[in-house]
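Any chance you can model this:
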Amino acid sequence: MKLTVAEENYIKAIYKLESQHTKATTNGLAAMLETSPAAVTDMANRLQKKKLISYEKYYGLKLTPSGKKHAMHIIRRHRLWECFLVEKLGFGWDEVHHLAEELEHIRDERLIERLAHFLQYPSFDPHGDPIPDAAGTLKTAPHIPLSHAPVQQPLKVSGVADQSAALLRFLQQKGIAPGTRLRVLHIYEYDGSVEIKLLKQSSFTLSQQVANNIYVQTYGKN
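Presented below is the predicted three-dimensional model:
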């Protein structure tokens, strides 16, 4: 089934809301996609006719199995292009999202498969988000926000929740990226800020807001 760029953008937006356990409402999608509720309603009717979503007025939009499959393919293309832009073309992880937004609409499956092969089938994109495989299967690894991590436990950064360019640049300046190893030295009761130490660096403190947006995994032993 061939979809327009606009249809793909709606499907991806609905998937994003669902993955956050948030109901995909007309007003919510209108705000996310910077359009009007009336335009969302029109698109909802189009997508429902194609059996990509179920839609009922006042109850929101929900992806059908077919719609979710399409969403997985769009996300796969997006995240593979982000890998290519960062690893092969030298872009920063704060620069690639909008470029990948354009490239994700290239639907030639031969190109995407060759791209995945060229990149050696990465499991995660530069921001730590999992990349669906060619069948649309998404494998996720357990992680927790840095703000809830155990003190003095060896940790590894697995991703970031907020992928705004401002936060990504800030983290890059601090030497934090997916794969970075660190320990939490202290979580301050007063404001929830987190003191951490990276390997071979002096300790420093992150605000609770920043720590909430960094995902980590435990590894090894104390």
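
Could you confirm residue 30 falls within a helix?
Yes. Under DSSP: H, G, I helix; E, B strand; the rest coil, residue 30 falls within a helix.

Wait, it touches residue 41, no?
No. Look at residue 30 against residue 41 with C-beta atoms under 8 Å: they stay out of range, at 9.3 Å. All C-beta atoms are positioned from the backbone trio N, CA, C, and that covers glycine.

Now do the same contact list for the spatially most central residue of the chain.
The residue lying closest to the centre of the chain (C-alpha atoms, centre = their mean) is residue 129, at 5.0 Å. Counting by C-beta atoms under 8 Å, 6 or more residues apart in numbering, residue 129 makes contact with 79, 159.

phi, psi of it?
Note on residue 129: its backbone torsions stand at phi -80, psi 140 [degrees, to the nearest 10].

Please report the distance of it from residue 78.
Shown here: residue 129 relative to residue 78, a distance of 9 Å by C-beta to C-beta, to the nearest Å.

what's the spacing between residue 124 and residue 18?
21 Å.

Check residue 51 too.
Counting by C-beta to C-beta, the gap from residue 51 to residue 18 is 17 Å.

In terms of neighbours, single out the busier of these two.
For the pair residue 51 and residue 18, the greater number of neighbours falls to residue 18 (18 against 12), based on other C-beta atoms under 10 Å.

Could you measure from the residue nearest to residue 52 when sequence neighbours are not counted over to residue 109?
Sequence neighbours aside, residue 67 is the residue nearest to residue 52 in space, at 3.7 Å (criterion: C-beta to C-beta, 6 or more residues apart in numbering). Distance, residue 67 to residue 109, by C-beta to C-beta: 18 Å.

which one of these two has more residues nearby?
Neighbours were counted for residue 67 and for residue 109 using other C-beta under 10 Å; residue 67 has more, 24 against 10.

Doesn't the more buried one lie inside a helix?
Yes. Counting by three-state DSSP, residue 67 is found in a helix.

Surely it is in contact with residue 10?
No. Counting by C-beta under 8 Å, residue 67 sits too far from residue 10 to count as a contact (9.6 Å).

what sits in contact with each of those two?
With C-beta under 8 Å, 6+ apart as the test, residue 67 and residue 10 both reach residue 47.

shaky segments in the chain?
Where the chain drops to pLDDT under 70, the residues are 220-222.

And the chain, what are its domain boundaries?
5-63, 144-218 (automatic domain parsing).

Just give me how far stretch 161-179 sits from the chain centre.
Remark: stretch 161-179 is offset 13 Å from the chain centroid, using C-alpha atoms, centre = their mean, to the nearest Å.

try stretch 54-66
With C-alpha atoms, centre = their mean, you get 22 Å for stretch 54-66.
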